[in-house]
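> What follows is a protein structure lacking sequence information:
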């Protein structure tokens, strides 16, 4: 390690040598090398960051992009690059900050506005995400992803008339996208337009995998339309991939409506095997057993007692159920 004195000597020597060299170059008519300006230094660091990304060295890339920002804080591309790196690593809070800064520096940068909205959306800051998406759409009105995400954001806030506008536009831009059809169907369902919802779910099923989300939404709208057999079919397919209490309970409802009472009771029992406090399944089980008692001309007292016990347990789990309390009042004497 150089001592302080030796380091100073080396620095002084280098400086004097450099001065002499500059004088010699000037006398020889050659241009004198000048220190790199801030803009060039920032650009060089930015390019080094891009090379590091291409080489898969994300840590070095982040350091280079940050170096570029330190030299030139208004370099939009560097802020976007930092946001991209944090986004890829799932650090949405840090990514949001980087994209926000890029959007502030260049309000007409579509990528900055869109990804800022996306990060806010992923952070569940939905109202703020909507504002960022709207700024992005002001730049590129026909962008598919922005219209789709904006429709979904309004749907999350239960502002479904607004949601419908953007969901329809997304489907118009890309009619072959299954997720866009699913999103539009969910919005139609929330608006009570279940026939249109079923049409969208049907088209979605032809364009994408039959996910539990699609099948459940489809089943819900089919149930509202009293299309019980189709509802049961959708739920049976859902259970093949995601055997949840909700799916079994909904299938139990469909079977009860089809007057297949034993199958209905079996599905309510399956829901309760997964979650013993699933109050909707407790209600379904109670109604099935009371129905068995009534069909036996009120001879099957065991079914009645078990049914009432199931309903009482449901009220214990969720007290505010007027219809269940009415059933207990009528048949619990």
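On my side now, so go ahead. All values derive from a computational prediction rather than experimental measurement.

> Tell me the spacing between residue 263 and residue 229.
12 Å (C-beta to C-beta, to the nearest Å). In this view, the C-beta of every residue, glycine as well, is placed from N, C-alpha and C.

> Who has more neighbours out of those two?
residue 263 (17 against 11; other C-beta atoms under 10 Å).

> Please report the distance of the more buried one from residue 235.
12 Å.

> repeat for residue 141
For residue 141, the distance to residue 235 - C-beta to C-beta - is 39 Å.

> again, but for residue 192
21 Å.

> higher neighbour count, those two?
When neighbours are counted by other C-beta under 10 Å, residue 192 and residue 235 differ, and residue 235 comes out ahead with 29 against 11.

> contacting residues around the more buried one?
By C-beta atoms under 8 Å, 6 or more residues apart in numbering, the contact set of residue 235 is 215-216, 219, 247, 250-251, 254.

> what number of residues lie near the closest residue to residue 163 other than its chain neighbours?
Distances taken as C-beta to C-beta, 6 or more residues apart in numbering put residue 154 closest to residue 163, at 3.6 Å, once the chain neighbours are dropped. Neighbour count of residue 154, defined by other C-beta under 10 Å: 22.

> Test my guess that residue 154 contacts residue 148.
No: contact between residue 154 and residue 148 fails when scored by C-beta atoms under 8 Å: they sit 11.3 Å apart.

> Give the residues shared as contacts by these two.
Common neighbours of residue 154 and residue 148 (C-beta under 8 Å, 6+ apart) are residue 166.

> pLDDT value on residue 333, please?
On pLDDT, residue 333 comes in at 71.

> typo on my end, residue 202
97.

> Distance-wise, check it relative to residue 280.
From residue 202 to residue 280 the distance is 26 Å (C-beta to C-beta).

> Going by how many neighbours each has, rank these two and give me the top one.
Higher neighbour count among residue 202 and residue 280: residue 280, with 20 against 12, using other C-beta under 10 Å.

> who touches the residue lying closest to the more buried one once chain neighbours are set aside in this structure?
Distances taken as C-beta to C-beta, 6+ apart put residue 249 closest to residue 280, at 4.9 Å, once the chain neighbours are dropped. For residue 249, the contact set (C-beta under 8 Å, 6+ apart) comprises 267-268, 271, 278, 280-281, 284.

> about what we covered before: of the contacts of residue 235, just say which sits nearest to residue 115.
residue 216 (30.2 Å; C-beta to C-beta).

> Tell me, please, where in the chain the pLDDT is lower than the cut-off.
Applying pLDDT under 70 to the chain picks out residues 1-36.
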